[in-house]
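Engineer: below is the structure, and that's it, no one-letter string:
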């Protein structure tokens, strides 16, 4: 997150716990104003040390991936609780981070999370990154560019400043300002709502796009926008971290599948990833990770390649 001038805004930003700092490796520019959380209010990383290499699965991993012993994972590290930075501003944590480390262990590799802009990850799968694991909603459009292995299921949800939920109706948000992270499904849906408001000729809906999800949440608290829109687990976590400054608007809707993105047509790596995840599901490790982060309601029971999804 860029440096915020006022102490009040800075405190809110820290409470929302997200930064864009590096994670050992980073494709995001660093700036002096970026820092970590003020206090630890989240679980410690899940311990994956006991996960053993599966020789049969490891043998399926292409040498182009396994030769250096690392699994390069592209992720946008401001999307708690899936992937975000710890208090030090350098260490990536979250259930997607733990899952990537677990998958890598099954493959006999070490995960190397790489912090990147969300909308820059998919185009770089297979070149900069071996895999993308960053709360990607699986869509037919994205499946044209990458292959997916299902990892999670999530809905979408709105958050508003505490006390404001009664001021808005989710079935008609014309006349409001909505913030969403750049490149997300929520941003696309907000744009569609804005177009519908314009077509009706009534009050306009203004969509604000933010590179960092945490900036959208902070903008609600500081009154710059009315609503922020994100995956349900992200909205819920932001509300919890805001310490009473945010509340949910309406119900969770639009349950969708999320997945790990892999190089299009790389059947060997995609199948190795599917088998690694299925092994973790079958032996209970996957559910332990989900419960560790309090997101077991989004757990999947089967790892699938390019599942059928709606447009």
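Structural biologist: Alright, I've got the coordinates. Just so you know, these numbers come straight off a predicted model, no measurement behind them. Residues are numbered from 1 along each chain as shown.
Engineer: need the residue closest to the centroid of this protein.
Structural biologist: Centroid check for the chain by CA atoms, centre = their mean gives residue 135 as the closest residue, at 3.6 Å.
Engineer: ok, now which ones touch it?
Structural biologist: Taking CB atoms under 8 Å, 6 or more residues apart in numbering, we find residue 135 in contact with 79, 82, 83, 96, 152, 154, 231, 234, 258. For every residue, glycine as well, the C-beta is placed using N, CA and C.
Engineer: tell me which two of those sit farthest apart.
Structural biologist: 83 and 154 (13.3 Å; CB to CB).
Engineer: more crowded one of the two?
Structural biologist: residue 83 (27 against 24; other CB atoms under 10 Å).
Engineer: ok, that one - contacts?
Structural biologist: Counting by CB under 8 Å, 6+ apart, residue 83 touches 75, 76, 77, 92, 93, 94, 96, 97, 113, 133, 134, 135.
Engineer: about what we covered before: okay, and which of the contacts of residue 135 map to helices?
Structural biologist: Among those, the ones falling in helices (DSSP state H) are 96, 234.
Engineer: for the residue nearest to the centre of the chain, give me the pLDDT.
Structural biologist: Looking at residue 135, its pLDDT stands at 93.
Engineer: pretty sure residue 165 contacts residue 248?
Structural biologist: Yes: judged on CB atoms under 8 Å, residue 165 makes contact with residue 248 at a distance of 7.2 Å.
Engineer: flag the shaky bits of this protein, pLDDT-wise.
Structural biologist: Filtered on pLDDT under 70, the chain yields the residue ranges 1-41, 311.
Engineer: how is it partitioned into domains?
Structural biologist: 7-155+256-298, 156-255 (automatic domain parsing).
Engineer: could I get those as TSV with distance to residue 304?
Structural biologist: As requested, those are exported to TSV (distance: least, CB to CB, whole Å):
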stretch	distance to residue 304
domain 7-155+256-298	5
domain 156-255	16
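Engineer: which among those is found nearest to residue 308?
Structural biologist: Among the domains of the chain, if distance is taken as CB to CB, the winner is domain 7-155+256-298, at 9.2 Å.
Engineer: how many neighbours does the nearest residue to residue 144 once chain neighbours are set aside have?
Structural biologist: Counting by CB to CB, 6 or more residues apart in numbering, residue 144 lies nearest to residue 264, which is 7.9 Å off, once chain neighbours are set aside. Residues within reach of residue 264, counting by other CB under 10 Å, total 15.
Engineer: kindly report the same for residue 85.
Structural biologist: So residue 85, with other CB under 10 Å, has 28 neighbours.
Engineer: run through the bridge partners of it.
Structural biologist: residue 92 (DSSP bridges).
Engineer: now it: how far from residue 93?
Structural biologist: Between residue 85 and residue 93 the distance is 7 Å, computed by CB to CB, to the nearest Å.
Engineer: and if you look at residue 102?
Structural biologist: 14 Å.
Engineer: next, show the common contact partners of these two.
Structural biologist: Counting by CB under 8 Å, 6+ apart, residue 102 and residue 93 have no contacts in common.
Engineer: where do the strands sit along the stretch 201-311 of the chain?
Structural biologist: In the stretch 201-311 of the chain, the strands defined using DSSP state E, counting those that start in this stretch lie at 206-210, 227-231, 246-263.
Engineer: quick check: which of those strands is buried the most?
Structural biologist: Compared across the strands of the stretch 201-311 of the chain, strand 227-231 shows the largest average neighbour count, a mean of 28 (mean count of other CB atoms under 10 Å).
Engineer: what angle do that strand and strand 246-263 make?
Structural biologist: 40 degrees (axes from the mean of the first three to the mean of the last three CA atoms, to 10 degrees).
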